[in-house]
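Visitor: here is a sequence together with a model predicted from it:
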Amino acid sequence: MENSKAARLQNQVALVTGASSGIGQGIAIRMAQDGAQVVINYNSDEEGAQETLKQIEAAGGKGFIVEADVSKEDQVNKMFSQAKEAFGSVDILVNNAGIQKDANFLEMTLAEWQKVIDINLTGPFLCARAAAQEFVAQGIRKDVSKAAGKIIFVSSVHDIIPWAGHVNYATSKGGVAMMMKTLAQELAPKQIRVNSISPGAIKTAINKEEWDSKEGEQQMLSQIPYGRIGEPDDIARVASWLASDEADYMTGATLYVDGGMTLYPSFAE
């Protein structure tokens, strides 16, 4: 681990949902590099979770893999119990797990709508509730953090940008934005910080067909004033900082890490 950063999350336990690929994998690895012990959640991609663990251990960190569908209450509760058994506590929750099931609104099925809402909105609710209950029970661990606990939602620029053909996804992210603010308001007196990160275009498997071709890459870049497509570590570095005491006075905030996508680039000229 990098000595200059090891103290940032030293002796803390971070639970990262959807940590088997993409942004979640990047956050899990970065938090481990910054000193945290990491609970690596996955639902179907065990091989990806093993790769996350391999990279954490290669950096000198500690990780523990837990399979759970975040939309299932019993599985979420079991996941937090397993995390406590493995590492003794949970100090940070990163609500990252999410899916897309795209369809035009007129053809979208109830099943396509419900699955995305279940994973992207109900899942973060269940995980945040379990984490907050744990934070209140354990109180402030003054030797590791100024806060009793930290919850970070990984949302999307589509919590404020409409996205035709993705009404289920955009609605779920809009819901996450208000859930985060409401939880931040309610939990602040208990010294629990709640914030969101809203990524723009990031190179992950979910959008590989777009950025992997020259035409698709140029189309994506036309919406990014800063001139490059993001990498998972662009989000991971922000998440690790946001979970640290360096951001202790922040709660109820959404950080848009998007290269300027939310600046309405079509209006630039």
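Guide: Thanks, I have the structure now.

Visitor: check which helices and strands the helix of greatest length in the chain is in contact with.
Guide: In terms of residue count, the longest helix belonging to the chain (DSSP state H) is helix 167-187. If you count contacts as 3 or more Cβ pairs under 8 Å, 6 or more residues apart in numbering; DSSP states H and E, helix 167-187 packs onto helix 110-117, helix 123-138, strand 149-154, strand 192-199. In this view, the C-beta of every residue, glycine as well, is placed from N, C-alpha and C.

Visitor: buried ones in the longest one?
Guide: Applying a neighbour-count criterion of 16 or more other Cβ atoms under 10 Å, the buried positions in helix 123-138 are Gly123, Pro124, Phe125, Leu126, Cys127, Ala128, Arg129, Ala130, Ala131, Ala132, Glu134, Phe135.

Visitor: thinking again about what came up before, measure how the longest helix of the chain sits relative to helix 123-138, angle-wise.
Guide: Orientation check (axes from the mean of the first three to the mean of the last three Cα atoms, to 10 degrees): helix 167-187 against helix 123-138 gives 20 degrees.

Visitor: that older thread, can you tell me which of the buried residues of helix 123-138 is nearest Val176?
Guide: Nearest to Val176 among these is Pro124, at 6.1 Å by Cβ to Cβ.

Visitor: for that closest one, give its distance to Gly48.
Guide: Distance of Pro124 to Gly48, given as Cβ to Cβ, to the nearest Å: 20 Å.

Visitor: same check, this time on Ile40
Guide: Distance of Ile40 to Gly48, computed by Cβ to Cβ: 9 Å.

Visitor: got a pLDDT number for the residue minimising distance to the centre of the chain?
Guide: Centroid-nearest residue in the chain, with Cα atoms, centre = their mean: Asn96, separated by 2.9 Å. Asn96 is assigned 98 on the pLDDT scale.

Visitor: one more: Met1?
Guide: Predicted confidence (pLDDT) for Met1: 47.

Visitor: got it, and Lys208?
Guide: pLDDT, Lys208: 74.

Visitor: now it, what are its backbone angles?
Guide: phi -60, psi -40 (degrees, to the nearest 10).

Visitor: number of nearby residues for it?
Guide: Residues lying near Lys208 (other Cβ atoms under 10 Å) number 12.

Visitor: ok, it - contacts?
Guide: For Lys208, no contacting residues are found, by Cβ atoms under 8 Å, 6 or more residues apart in numbering.

Visitor: please enumerate the helices of the stretch 1-150 of the chain.
Guide: 3-6, 22-33, 46-58, 73-87, 110-117, 123-138 (DSSP state H, counting those that start in this stretch).

Visitor: quick one: list the elements packing against the fourth one.
Guide: In this structure, helix 73-87 packs against strand 13-16, strand 37-42, strand 63-67, helix 123-138, with contacts taken as 3+ Cβ pairs under 8 Å, 6+ apart.

Visitor: for the third one, which strands pair with it and how are they oriented?
Guide: Neighbouring strands of strand 63-67 in its sheet, by DSSP bridges, are strand 37-42 (parallel).

Visitor: quick one, the strand it pairs with and helix 73-87 angle?
Guide: 150 degrees.

Visitor: shared neighbours, Ile40 and Gly48?
Guide: Going by Cβ under 8 Å, 6+ apart, residues that sit against Ile40 and also against Gly48 are Ser20.

Visitor: between these two, which one's more packed in?
Guide: The residue with more neighbours, out of Ile40 and Gly48, is Ile40; 28 against 19, by other Cβ under 10 Å.
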